[in-house]
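J.: how does the following fold in three dimensions:
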Amino acid sequence: MHDAGAEIVLVTARAPWWIADFVPESSDVAICCNGAVIWDLHEQRALDEYALQPASAARIVGALRERAPGVAFACELGLGGIREPAYVPLWPSPDMHPRRDALEIVAAPVFKLVAQHPKLSQLELYELALELCGEEATVTYSGEQLVEISAAGVTKAFALAAHCAQVGIRPDEVVAFGDMPNDVPMLQFAGLGVAVANAHPDALAAADEVTASNDEDGVALVLERFLT
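T.: Sure thing, here's the model as predicted:
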C-alpha cells in the first residue's frame, strides 16, 4: 500500500513507548493514546500533544474515588507509564516506572488516564466515568476491564483529522480499520470505515463495511481489493 502511494498511520490507544515492535517501517507518524499525541516515529518525539490537564485530571480522580472506592489509576506519558500501587496490569508491559499516587502523577499533564476497579464491571465503571467527566474529558475503552480518559474532544478521529489536514488528505480519501468503541469516531470520520467481523457491536454499527475477522486477515482482504 505504501508503494502504491498510500500513507500508513497506526492509530492506537497505546502509548508511543509501546508500539515500536509493530509499527510498519514505511510509517512516518503514529497517533497514540487515543489521539492525545501525534508521534514522529523517526525522531521519537511528539509533533502535537493534546494532553489531559492537571486540574481536570485531579478533579476526575477525586470524583471517581468518592463514587467508586477502590478505583485504581494508571497514566500514559510520552516515554512511559506510571501506575498506582493498587493498579493491576492486565498484561506484561515494557515500562519500569515507579508506582505513585494518581494525584501526584496528574500534577503534570498526561496523555491518558486509565481507571480500573476490582468489583465494578467495565460497563459500570465506564458509565460512572461518563457521568462524572461530563464535557470536561472524553471517556472510552478498548480492552477488558479498563476505562480510558482523555482531554475533552480528544479522540482518534480528532487527531487523525488534524494530521490529514496538515498533509493535505481529505476525509473521503481515508480508509480506517477498527474493532472497539474507541475506534467509533474514527470509523465515522473516514471516507470508508471498516470493522472486522469480530469487532465490538458499537464498532460494527459505526462502520461502512464489515470485513472478515482479524483471524481471517480481514484488513488485508480490504487492502488487496484496493490494490487490484
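J.: least confident secondary structure element in this structure?
T.: When each helix and strand of the chain is scored by mean pLDDT, DSSP states H and E, strand 81-83 comes last, with a mean of 85.
J.: which residues of the protein score low on pLDDT?
T.: Scanning the chain for pLDDT under 70 picks out the ranges 78-79, 92-98.
J.: now the strands for it?
T.: All strands of the chain, identified by DSSP state E, fall at 10-11, 29-32, 37-40, 45-49, 72-76, 81-83, 112-116, 137-140, 147-151, 175-178, 192-196, 209-211.
J.: who's in contact with residue 167?
T.: By CB atoms under 8 Å, 6 or more residues apart in numbering, the residues touching residue 167 are residue 7. In this view, the C-beta of every residue, glycine as well, is placed from N, C-alpha and C.
J.: tell me how far it lies from residue 24.
T.: Between residue 167 and residue 24 the computed distance is 16 Å (CB to CB, to the nearest Å).
J.: again, but for residue 81
T.: 23 Å.
J.: neighbour count: the two, which is higher?
T.: Taking other CB atoms under 10 Å, residue 81 and residue 24 do not tie; residue 81 has more neighbours (24 against 13).
J.: bridged to that one, which residues?
T.: residue 76 (DSSP bridges).
J.: correct me, but it touches residue 15?
T.: Yes: using CB atoms under 8 Å, residue 81 is in contact with residue 15, at 6.3 Å.
J.: so who does residue 33 touch?
T.: Residue 33 is in contact with 13, 14, 15, 16, 76, 111, 112, 150, counting by CB under 8 Å, 6+ apart.
J.: what's around residue 186, how many residues?
T.: For residue 186, the count of nearby residues is 26 (other CB under 10 Å).
J.: next one: the one 3 residues further on
T.: Neighbourhood size, residue 189 [other CB under 10 Å]: 18.
J.: could I get the phi/psi values of residue 36?
T.: phi -80, psi -20 (degrees, to the nearest 10).
J.: does it touch residue 50 like I think?
T.: Yes: contact status for residue 36 versus residue 50: in contact at 5.2 Å, counting by CB under 8 Å.
J.: where do the contact lists of these two overlap?
T.: Common neighbours of residue 36 and residue 50 (criterion: CB under 8 Å, 6+ apart): 150, 151, 154, 159.
J.: kindly reformat those as JSON lines containing neighbour count.
T.: Below are the shared contacts of residue 36 and residue 50 laid out as JSON lines (neighbours: other CB atoms under 10 Å):
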{"residue": "150", "neighbour count": "29"}
{"residue": "151", "neighbour count": "25"}
{"residue": "154", "neighbour count": "24"}
{"residue": "159", "neighbour count": "26"}
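J.: grab the nearest non-local neighbour of residue 52.
T.: Closest residue to residue 52 apart from its sequence neighbours, by CB to CB, 6 or more residues apart in numbering: residue 151 at 4.6 Å.
J.: how many neighbours does residue 66 have?
T.: 10.
J.: nearest to residue 125, out of the strands of the chain?
T.: Among these, strand 147-151 comes nearest to residue 125, with 4.9 Å by CB to CB.
J.: longest helix in this protein, by residue count?
T.: helix 54-67 (DSSP state H).
J.: can you get me a residue count around residue 104?
T.: By other CB under 10 Å, 11 other residues sit near residue 104.
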